[in-house]
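# Mind folding the following:
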Amino acid sequence: MFGIRINNEWVDLSPSMSDGQSPIKLSRYNSLFDFEGISGSQVNDFSVPFTPKNDEIFGWFRLPQIKYNYQEYYCEKVADGYIIERGYVTIVNCTESEYVLTFSQNLSEIFGEYQDMPLNLLPLGTEVISPIKNANHLVDKVCWPTISNIMFYGTNSLAGFTGNMNSWSGSTLNEIARVPMVFARFLFDELSNRCNFKFKGTFFTSEAFKRMVFINTKSLDLEFNITYAHHLPMDLTVSELIKELRKLLNLAIYFDITNRIMYAYWGNELLDKPVRRNWTKKITPSTERTPEFANRLELDWEFDSNDTLFNRNIYPIPSGFEKYLSPPTGSGEIFQIKSKISTIQEYSGSVVMEQIGISTRFNQVGSKYSPRIAFWKGLIYDDPAISATIDGLKLSYEGANNLFDSCYFNYENLRRNTCYKTVIADLNAIDLYAIDWHNNPDADHAVFIGGKEYYITQVEVLLPLQGVSKLYLMEKP
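Got it, this is the predicted structure:
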């Protein structure tokens, strides 16, 4: 049985759709293998006939005297009692006998009015400045780490400036070069509250996320209040931030639009997930097999060139910050993943910058900073500190637990040793639920077929199910 519910009402289907003569094509994509965007599902435009029930659902839109008001209708596609796809439909046309509908999961509008708003303009609130030396990363909104930055006021001199951002005297913060660092946890808490969205998955429960802060140089000189958004990257929107974190840390991102949940998992974790399903009998045997030619991985990031320590015209790039490139593999091509997010340099156990701050003093209001992150460490020898390193992860491309080893080792191994394969499969509704990556947190990413394990990168299905689903596969090394 196949049916479509719109706004929780079953719609009347045309006989040709019910018997499979005019099928609906569903394409579902696995975000684990997409680094340039976060893809949901796509469905070709489909039609439902004019009937009293359908007329009522769509507000008698086919009648010319009815005023048109743009509306999105919640849509569920159901097969054999299982909801196999959720999204929204809108009317795009009326023929002489049918409503023509287009389907979308609206991933581009997940965060509503904040979707395309720069992070530094988000309405995150303004409060009286109240610095806490030993900030609690699970509760507080910002921390105030001491950072060496002798260039904060450029060539200008200022009495009381020690060459540090956030210099402390006991438990009192110096009023010069005060720069709060916003916790990523606070930003996503605010988004959750304002957008009615939850954030779940192993990334959001990790210590790395909980201690993550955004590096900035916006000083509170001569100010009495802190506007939190002003200390966030000005060159990223919410959706861009998620995409760039995804590329930096190899995260897999999925959106459950029905329950309004964004899941973020460590990609290595999903690549290592045990294979549980044997689909050998569901697949039409095929000898087709295409090697991956872009089998060399290049990992890179964009530096904050406003910090002279990362300006190639002044200094060589610090050790560990150069891009990672897989060793040569003969004629292998390069697959590049480049994030707009980088981090801060450490020297002799301290973080250092050489960057002009954003301050009303000396008219330094036109200075800028690029997206960078680090991790809150708490008090170290009574100094509040951040670092590019946290247990199990180092924001660098060399040394123990570096970005390649911690986040991309398995993915490089996959690209160097995989082949692609496309097969025809006889999938049922239970199978489709098992690989519903966006709506099933326990979804399978790989299956066993004829003696080998394969990752599923995409599936195409004709509804009603007709035994001719198409699976796009990557061989598991």
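
# so what's residue 39 closest to, chain neighbours aside?
Leaving aside its sequence neighbours, residue 39 sits nearest to residue 29 (CB to CB, 6 or more residues apart in numbering; 3.8 Å). Where you see a C-beta, it was placed from the backbone N, CA and C, and this is true even at glycine.

# which parts of the helix or strand of the chain with the lowest mean pLDDT are buried?
The helix or strand of the chain with the lowest confidence, counting by mean pLDDT, DSSP states H and E, is strand 41-43 at a mean of 77. Buried residues in strand 41-43, counting neighbours by 16 or more other CB atoms under 10 Å, are found at 41, 43.

# Give me the sheet partners of that strand and which way each runs.
Applying DSSP bridges to the sheet, strand 41-43 is found paired with strand 24-29 (antiparallel).

# roughly how far out does the partner strand sit from the chain middle?
With CA atoms, centre = their mean, to the nearest Å as the basis, strand 24-29 stands 22 Å off its chain's centre.

# follow-up on the earlier one: what's next to the least confident helix or strand of the chain, contact-wise?
Applying CB atoms under 8 Å, 6 or more residues apart in numbering, the external contacts of strand 41-43 come out as 24, 25, 26, 27, 28, 29, 77, 85, 87, 103, 105, 438.

# if we go to 6 Å?
For strand 41-43, contacts defined as CB atoms under 6 Å, 6 or more residues apart in numbering pick out 26, 27, 28, 85, 103, 105.

# Please tabulate these in a markdown table and include neighbour count as additional columns.
Output for these, formatted as a markdown table (neighbours: other CB atoms under 10 Å):
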| residue | neighbour count |
| --- | --- |
| 26 | 21 |
| 27 | 16 |
| 28 | 21 |
| 85 | 24 |
| 103 | 21 |
| 105 | 21 |
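
# List just the nearest of those residues to residue 333.
Within the contacts of strand 41-43, the smallest distance to residue 333 is 26.2 Å, found for residue 27 (CB to CB).

# Against residue 29, how distant is residue 337?
Between residue 337 and residue 29 the distance is 18 Å, computed by CB to CB, to the nearest Å.

# ok, now residue 441?
The value you get for residue 441 to residue 29, if CB to CB is used, is 17 Å.

# now do residue 303
Using CB to CB, one gets 31 Å for the distance from residue 303 to residue 29.

# next one: residue 155
52 Å.

# Can you pick out the residue with more neighbours from those two?
residue 29 (20 against 7; other CB atoms under 10 Å).

# And the pLDDT at that one?
For residue 29, the model assigns a pLDDT of 92.

# So what sits opposite it in the bridge?
residue 458.

# hang on, isn't it packed against residue 459?
No: Residue 29 is not in contact with residue 459 according to CB atoms under 6 Å; the separation is 8.5 Å.

# give me the low-pLDDT residue ranges for the chain?
Residue ranges of the chain with pLDDT under 70: 40, 106-108.

# tell me the contacts of residue 126?
Residue 126 neighbours (CB under 6 Å, 6+ apart): 225, 227.

# quick one: residue 221 and residue 170, what's the gap?
Taking CB to CB, one finds residue 221 at 21 Å from residue 170.

# With neighbour numbers in mind, choose between the two.
residue 221 (20 against 7).

# three-state assignment of the more buried one?
Secondary structure assignment for residue 221 (DSSP: H, G, I helix; E, B strand; the rest coil): coil.

# contacting residues for it?
By CB under 6 Å, 6+ apart, the residues touching residue 221 are 359, 360, 361.

# got the phi/psi numbers for the closest residue in space to residue 151 that isn't next to it in sequence?
In space, residue 151 comes closest to residue 354 once its chain neighbours are excluded; the distance is 4.4 Å by CB to CB, 6+ apart. The phi/psi pair for residue 354 (degrees, to the nearest 10) reads phi -140, psi 80.

# Contact partners for residue 354?
Counted by CB under 6 Å, 6+ apart, residue 354 has contacts 151, 308, 309.

# Which residues lie in contact with the second one in this structure?
Which is residue 308. Contacts of residue 308 (CB under 6 Å, 6+ apart): 314, 354.

# Dihedrals phi and psi, it?
Dihedral angles for residue 308 - degrees, to the nearest 10 - are phi -60, psi -20.

# Over to residue 425?
phi -130, psi 150.

# For the residue lying closest to it once chain neighbours are set aside, grab the count of nearby residues.
The shortest distance from residue 425 to any non-neighbouring residue, by CB to CB, 6+ apart, is to residue 469 (4.7 Å). Number of residues near residue 469 (other CB under 10 Å) recorded here: 21.

# Buried residues, stretch 67-86. List them.
Neighbour-count burial for stretch 67-86 flags 73, 75, 76, 77, 78, 79, 83, 84, 85, 86 (criterion: 16+ other CB under 10 Å).

# separation between residue 42 and residue 29?
8 Å.

# Tell me who's in contact with the closest residue to residue 292 other than its chain neighbours.
Of all residues not flanking residue 292 in the chain, residue 418 sits nearest, at 5.0 Å (CB to CB, 6+ apart). Residue 418 sits next to 292, 474, 475 when contact means CB under 6 Å, 6+ apart.

# again, 7 Å this time
292, 474, 475, 477 (CB atoms under 7 Å, 6 or more residues apart in numbering).

# could I get those residues as TSV with secondary structure, neighbour count and distance to residue 196?
Formatted as TSV, those follow (DSSP: H, G, I helix; E, B strand; the rest coil; neighbours: other CB atoms under 10 Å; distance: CB to CB, whole Å):
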residue	secondary structure	neighbour count	distance to residue 196
292	coil	17	40
474	strand	20	36
475	strand	18	41
477	coil	12	41
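
# Take the residues you listed and write them to JSON lines, including distance to residue 248.
Compiled in JSON lines, the contacts of residue 418 are given as follows (distance: CB to CB, whole Å):
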{"residue": "292", "distance to residue 248": "23"}
{"residue": "474", "distance to residue 248": "22"}
{"residue": "475", "distance to residue 248": "27"}
{"residue": "477", "distance to residue 248": "24"}
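
# Out of these, which is nearest to residue 214?
Among the contacts of residue 418, residue 474 lies closest to residue 214 (CB to CB), at 34.5 Å.

# who's residue 103 bridged to?
Here residue 103, judged by DSSP bridges, has bridge partners residue 89.

# Quickly find the element holding residue 471.
Element membership of residue 471, judged by DSSP states H and E, is strand 469-475.
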